[in-house]
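> the sequence and its predicted three-dimensional model are supplied below.
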Amino acid sequence: MSLYDLVKAVLRPSTRALFDVKVSGEDNVPSEGGLVVAANHRSYLDPPLLGTWFPRTIHFMAKEELFRIPVLGRGIAAVHAFPVTRDAADIGSVRRALRILKEGGAIGIFPEGTRNVSGDAKHKGGAVLLASSAHCPVVPVGLVRTALATKRLRASHVEVRIGTPMVFQGSARKATKAEIDAWTAQVADAIEKLTSG
């Protein structure tokens, strides 16, 4: 058993007991092949909850500042997270993500770029850019009531709602900015629909 699977085995019963976690849409997840997992981000709980309850192993792209924190940095690296420099062209991280996707792995991204407590942050295009470059789907995920769970640290009826895979293929060899913007809006809309109601 890998460390990732061991952590999942520990966190599943504990998060279910603490937050009454419910998961839906697991059948939407392709069992193999590269995919980008794109979710909303309201709470510090989002990455571990998504990693715990998503059916496949996720390699999270995480802000590089987290890896400077001694214990946390080593811990998240041990469960397949890798650093990305925000607000900069981090070619090394992009290449690493593309390699993982082409090898059939899953990359986890929060398109808002950081915790979006107010809910009005604009989505960035990294998720669809990676997916279109690697010719793999984006799986939108809505994380519901995680911010409330952070505040209460008790049963908050948290939900992980997994949507239908979305495939984006450009009209040219390389996706245009207009296409990336349009696809990003589609993913943002899919996540919004998953989190509403």
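Yep, that arrived.

> every contact and neighbour count from this point should use C-alpha atoms.
Fine.

> longest helix anywhere in this protein?
Counting residues, the longest helix found in the chain (DSSP state H) is helix 177-195.

> what comes up buried for that helix?
179, 180, 183, 184, 185, 187, 188, 190, 191, 192, 194, 195 (16 or more other CA atoms under 10 Å).

> what do you get for stretch 13-23?
For stretch 13-23, burial by neighbour count (16+ other CA under 10 Å) applies to 15, 16, 18, 19, 20, 21.

> now do the SS call for residue 83.
Secondary structure, DSSP: H, G, I helix; E, B strand; the rest coil: residue 83 is strand.

> surely it is in contact with residue 91?
No: counting by CA atoms under 8 Å, residue 83 stays clear of residue 91, with 11.5 Å between them.

> re the thing from before, please identify which of the buried residues of stretch 13-23 is nearest to residue 160.
For these, the closest approach to residue 160 (CA to CA) belongs to residue 21, at 7.4 Å.

> report the contact partners of the closest one.
15, 157, 158, 159, 160 (CA atoms under 8 Å, 6 or more residues apart in numbering).

> before we move on, which element is the second one in?
What it means is residue 157. Using DSSP states H and E, residue 157 sits within no helix or strand.

> distance-wise, check it relative to residue 37.
22 Å (CA to CA, to the nearest Å).

> okay, these two: which has more neighbours?
Ranked by neighbour count (other CA atoms under 10 Å), residue 157 and residue 37 place residue 37 first, with 27 against 16.

> so that one makes contact with residue 142?
No: using CA under 8 Å, residue 37 makes no contact with residue 142, being 10.5 Å away.

> okay, stretch 97-111 in CSV with CA atoms only?
In CSV, the C-alpha atoms belonging to stretch 97-111 read as follows (Å, rounded to 0.1, in the frame of the first residue of the first chain):
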residue,chain,number,x,y,z
ALA,A,97,2.1,18.1,-15.0
LEU,A,98,2.0,17.3,-18.7
ARG,A,99,4.4,14.3,-18.2
ILE,A,100,2.0,13.0,-15.4
LEU,A,101,-1.0,13.4,-17.7
LYS,A,102,0.6,11.7,-20.6
GLU,A,103,1.6,8.8,-18.3
GLY,A,104,-2.1,8.4,-17.4
GLY,A,105,-2.1,10.2,-14.1
ALA,A,106,-4.5,12.8,-12.7
ILE,A,107,-3.6,16.4,-12.0
GLY,A,108,-5.5,18.4,-9.4
ILE,A,109,-6.0,22.1,-9.9
PHE,A,110,-8.0,24.8,-8.1
PRO,A,111,-8.7,27.2,-11.0
